[in-house]
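**Q** have a look; sequence and predicted model below, questions after that.
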Amino acid sequence: MSKRSSTVMAANLNTKKAKHWSLGLLESMKDPESIVKETKQAVVIKDKYPKAKIHYLVLPHADISSIYKLDKSHINLLIEFDNLFKEIQSDVELPLKAGFHAVPSMQRLHMHIISTDMVSPCLKTKIHYNSFTTQFFRPYADILEELKENGCIKKMSPELHKSLMSTELQCNQCTYKPKNMPQLKEHLLTHFK
Ligand code: AMP
Ligand code: ZN
């Protein structure tokens, strides 16, 4: 290998290293393969690791890092998110819900649009499951109301976060309490017909 090509390879490696995984949504927002819908203010993309049959993310073009940066001036943006949710719901048969994780792991504000089946090979851990089926999932309507009332979103305490993540498994569609994830996944299939 020439000196130049090894230098170019090393530079590419360095560039890749510099991009932290938490910036991944910013890449996906620009990728035509992952875009589902786009408006002046927002973009809907496919979640790369869907946790249910349908799982999308709605992100603003504006550089807003999370729900904790929202104020009353963002209410119109949230109404746009809801319009996108309604358009998507009208295109599909499965019931969908919309909301935000109380402690997001990825940068850029993103609202999850997810079907309630929770049937997906990417749903592997209790944390994955509990993050969509406990209070850790903050429904869209609650966030809009809190913003209208208080002008900001209050952070969740680390104690509550921890306890929600370790909540006992419980089917989100009936009273069944599985012992483990394989049991839960098998059970969820019985609701998905
Ligand atoms: P959270 O930050 O916890 O609200 O969730 C981030 C979501 O982004 C998860 O549902 C991931 O499956 C999803 N995700 C992670 N990386 C990417 C990516 N590069 N493109 C699209 N979705 C992603
Ligand atoms: Zn059930």
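**A** Cool, got the structure. Numbers count the residues shown, from 1 in each chain. Ligands and ions are numbered 1, 2, ... in the order given.
**Q** so what touches stretch 174-181?
**A** For stretch 174-181, contacts defined as CB atoms under 8 Å, 6 or more residues apart in numbering pick out K124, T125, K126, Y129, E168, L169, Q170, C171, L184, H187, H191. Glycine gets a C-beta too; all of them are placed from N, C-alpha and C.
**Q** filter those down to the buried ones.
**A** Y129, L169, Q170, C171, L184, H187 (16 or more other CB atoms under 10 Å).
**Q** so who does the third one touch?
**A** Okay, so that is Q170. By CB under 8 Å, 6+ apart, the neighbours of Q170 are T133, Y176, K177.
**Q** who's in contact with the first one?
**A** Residues in contact with T133 (CB under 8 Å, 6+ apart) are M118, Q170, N172.
**Q** tell me the one among the contacts of stretch 174-181 nearest to ligand 1.
**A** Closest approach between the contacts of stretch 174-181 and ligand 1, by CB to the nearest ligand atom: K124, at 11.1 Å.
**Q** could you pull up phi and psi at the nearest residue to that closest one once chain neighbours are set aside?
**A** Residue nearest to K124 in three dimensions, not counting chain neighbours: M181, with 6.9 Å by CB to CB, 6 or more residues apart in numbering. Here is the backbone geometry of M181 (degrees, to the nearest 10): phi -60, psi -40.
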